[in-house]
Each structure stands twice: as C-alpha cells, then as structure tokens.
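[1] kindly return the folded structure for what I paste below:
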Amino acid sequence: MREFSSLPVVDLCRLGGSLAFSVDNALSLAIIQRHGHEPAEDIQFRVLRSHQEHFFLAGLKKLGLDRESSDAVRCAKFHVLSNFLGGLRVRYAEESPDKAWVVYDTPYWIDSPWTPSVAVAAIRPNMLIRTMAAWHGNNGALLGNEGLAYVMTTLVPRGDACDAGYFLDTHRKLDPSERLQLRFDEGIPPGLKLEAPKLDLAAWPLDRQAKAWRNFSVAYVGGRLFWMLRTLGEEETASLFEYALRLAILQHRERVQGIMGIAGEPSPARAAALWAGWHYSWGDEVQVTKGKDDGMAGEVRRSRLHEVGEFAPPASPFPASLERAAARAWDTVIAYDCPGIVIAEAKSRGETDTPWSFTFRRSR
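    From the prediction side, this is the model:
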C-alpha cells in the first residue's frame, strides 16, 4: 500500500509482530477455554518441535553458531539470538564451556513482547515445560550429542520472576527422560553475569532485525493452525481461529489506526484501510482499489500465512475454511468499528486460485 510504505520499517514490523503474537496466544487461550490445558499443551509441543525441525540446524549456520566448539554454548547462544530476533527479552551467561544459561526476561511474551499482559495467569507451568521439552530438550538429539541436557530453574507460571535455565553437556549418554531436567530449587545463581545479546549490525541492520521479529511471530500463527487442524479437526480449528482473530483485531484496531494514520468517519475507505493495514503490517502484499459507488475492493496478492512453515509449497495449502473464518471475524469487526459498512463479498484464494479478496460497501 503506497500510503503505508512511508512508515518506518521498525514501527511497521513491531506492529505486525505484536498482532501475530496476539493471534497466536489467543488461539492457545481459546483452546484452553474450550478443551482444557492438555490439548493446548500438546499442540504447543507439536508446534515447537515442528519449528525446531524446520529451523534449528539451518539457524545455527545462519547465526554463525555452527563454529562454536561447545554444544552447550552453541545452543544457549542460538536460543538467545533467535528469540531476541523474534522480539523476546533474553539474556545469556556462560558458567563454563559445558554450561551456558538462557534467561527469558519479563515483561512476558503473552500477549506480545511489545504489548505485555497478564494473560500468562491463564496458563500453567506444564505449557512451558512442554515448550522446552519440544525445543531445548531435543537439541542434543539433533546435534548427535547424547549427553546434552537442558535444565529449567525458574518459570513465570510457577510464580517466578522470569523463565530461566541452562544447557549442560554431561559427557555421558543420557536417557531420553534426562534431556529436560527440572531443578527449581536452584533458581539463578547470585552474581551470575547475564548479558543481553549483541548482534553485528553490519550483518543484522535494524531493518533486517525488524523483519525477523515479524516473520518469527507470523510463522507461529501458521504452525499453530496447522497442528490444530490435525489435532482438533478443520471445523473446530476454523471456529477457534475466527474467535481468536476477532478478539485480536478488536483489541488492537485503535493501535493499527493510530500507527497507520487511519481516521475519518465510518466509510468503506476507512474499513478497507483498517483491513489493509493489518495485512500490510504482517508483510502481506495488499492492494486496495475503488469499486462501485464509494465501495472499496481489497486484495491480498501475497499472504505470508499461506506460505509460512507447514503451509509452504509444496505442502497442503492453507484451507479455504480458515479464509472464510477470517472473513467472518473481519465482518464483525467492521460492523462494530464502521457502523453501516459491511463486507459484501470475500473470495477465497484456495478455492478460486485468485488473490484473497474482500469488498467493502455501505449496507443497503
């Protein structure tokens, strides 16, 4: 969108990252509301394990960490740098070549690193334990190091001030049950010199970092929907997606309008601008044109959600039922934010092999 292209990349990507984090976390909380903690935690495990298989080994090389001599240091630095690039607040410390710490600081990443909330009160410690088992506790297996463990020492859902733990190379063959260890009595050692990550700005200029923040969070939305489809079925996933997306848009619509400079009386143009601004901040390629009378037509010509992670070609495409769920969510938001304006039509990308499109007009 030409009118949005002048926005600073950092502001735009931070907005997009926040919106995607909010949708992703709303999905988890909605699963807990309808189905309980266990299904949400199982899906969390599947999402994180899938992401590890997609990104871990390649990410080590991308971040230059394949050259580290210690697996404990290599893994700790990976999680600090990758989560920092994803917008999370993280710090690092080395106690020895075989023991390296990762601390995930508060404010917490639920709702998002840039719009923190107390929604973490709705999750239980096992959500984070399953998260770490999926990723951190499996790093040694992917590296071929049977002695590498991850030890968790603090967790926010337990009432601790942050999430913290360390990678430990034991130099002995561990039973699979020992790859993730819980030692909450240890806490964080007094005097441990924790440092925030430092990136080479020549290799990682701020604009590149900002795009990584956004892409990191959008990838989690796609991954969670993928595993929800396989765990809960298409109909229930569509219903939960509609619910979570609607809540996220309603919660953030004024923020989107403020950052994007969207103002004026309710009209098809304002409704289309809100819709386009949301998609544009996610990194989608969108186009808005004038339609009949004062109606507006919007197209998503390239959708990150359709291409991310598990939905990336040649995998199974993003289901049309989820596109329709998104259209229903937007229909509710537009009717509330712009009284008298409706989504007259929403064409599916999956069913018509055309751009994902919406038409906004005044109700008759």
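
[2] and the closest residue to residue 337 other than its chain neighbours, which of the three is it?
    The shortest distance from residue 337 to any non-neighbouring residue, by Cβ to Cβ, 6 or more residues apart in numbering, is to residue 253 (5.7 Å). To be clear about C-beta, it is placed using only N, CA and C from the backbone, and glycine gets the same treatment. Secondary structure state of residue 253, per DSSP: H, G, I helix; E, B strand; the rest coil, is helix.

[3] quick one: residue 253 and residue 152, what's the gap?
    As for residue 253, its distance to residue 152 is 37 Å (criterion: Cβ to Cβ, to the nearest Å).

[4] so the spatially most central residue of the chain is in which element?
    Centroid-nearest residue in the chain: residue 217, 2.5 Å away (criterion: Cα atoms, centre = their mean). Here residue 217, judged by DSSP states H and E, is contained in helix 206-232.

[5] over to residue 107?
    Applying DSSP H and E, one finds residue 107 in no helix or strand.

[6] hang on, the earlier thing: neighbour-wise, which of residue 253 and residue 152 wins?
    residue 152 (24 against 18; other Cβ atoms under 10 Å).

[7] tell me the secondary structure at the more buried one.
    Applying three-state DSSP: residue 152 is strand.

[8] surely it meets residue 179?
    No: applying Cβ atoms under 8 Å, one finds residue 152 not in contact with residue 179, separated by 11.7 Å.

[9] if you skip the residues just before and after it, what's nearest to residue 154?
    Computed as Cβ to Cβ, 6+ apart, the closest residue to residue 154 that is not its neighbour in sequence is residue 160, at 3.8 Å.

[10] need the pLDDT of residue 353.
    Looking at residue 353, its pLDDT is 66.

[11] what ranges does the stretch 251-364 of the chain have for its strands?
    Ranges of strands in the stretch 251-364 of the chain, per DSSP state E, counting those that start in this stretch, are 285-290, 296-302, 341-347, 356-362.

[12] tell me the domain boundaries of the chain?
    According to automatic domain parsing, the chain comprises the domains 9-182, 234-362.

[13] could these go into a markdown table alongside distance to residue 201?
    Output for those, formatted as a markdown table (distance: least, Cβ to Cβ, whole Å):
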| stretch | distance to residue 201 |
| --- | --- |
| domain 9-182 | 13 |
| domain 234-362 | 22 |
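
[14] so which of these is nearest residue 225?
    The minimum distance between residue 225 and these falls on domain 234-362, with 6.3 Å, by Cβ to Cβ.

[15] measure the closest one end to end?
    Counting by Cα to Cα, to the nearest Å, you get 32 Å between the two ends of domain 234-362.

[16] ditto for stretch 159-179
    OK, stretch 159-179 end separation, Cα to Cα: 24 Å.

[17] where does pLDDT dip in this structure?
    1-2, 350-353 (pLDDT under 70).

[18] which parts of it are helices?
    9-35, 37-62, 71-85, 125-134, 139-143, 206-232, 234-260, 268-281, 304-307, 320-337, 349-352 (DSSP state H).

[19] what is the neighbour count of residue 68?
    Neighbours around residue 68, by other Cβ under 10 Å: 18.

[20] whoops, residue 276 was the one
    Quick note: residue 276 (other Cβ under 10 Å) scores 25 neighbours.

[21] return the residues in contact with it.
    Contact analysis of residue 276 by Cβ atoms under 8 Å, 6 or more residues apart in numbering lists 1, 4, 286, 288, 298.

[22] neighbour-wise, which of those leads?
    Going by other Cβ under 10 Å, residue 298 tops those with 26 neighbours.

[23] which strand residues bridge that residue?
    residue 288, residue 358 (DSSP bridges).

[24] that one contacts residue 287, doesn't it?
    Yes: in this structure residue 298 lies within contact range of residue 287 using Cβ under 8 Å: 7.2 Å.

[25] re earlier: compute the inter-axis angle for the helix holding residue 217 and helix 9-35.
    Between helix 206-232 and helix 9-35, the angle comes out at 20 degrees (axes from the mean of the first three to the mean of the last three Cα atoms, to 10 degrees).
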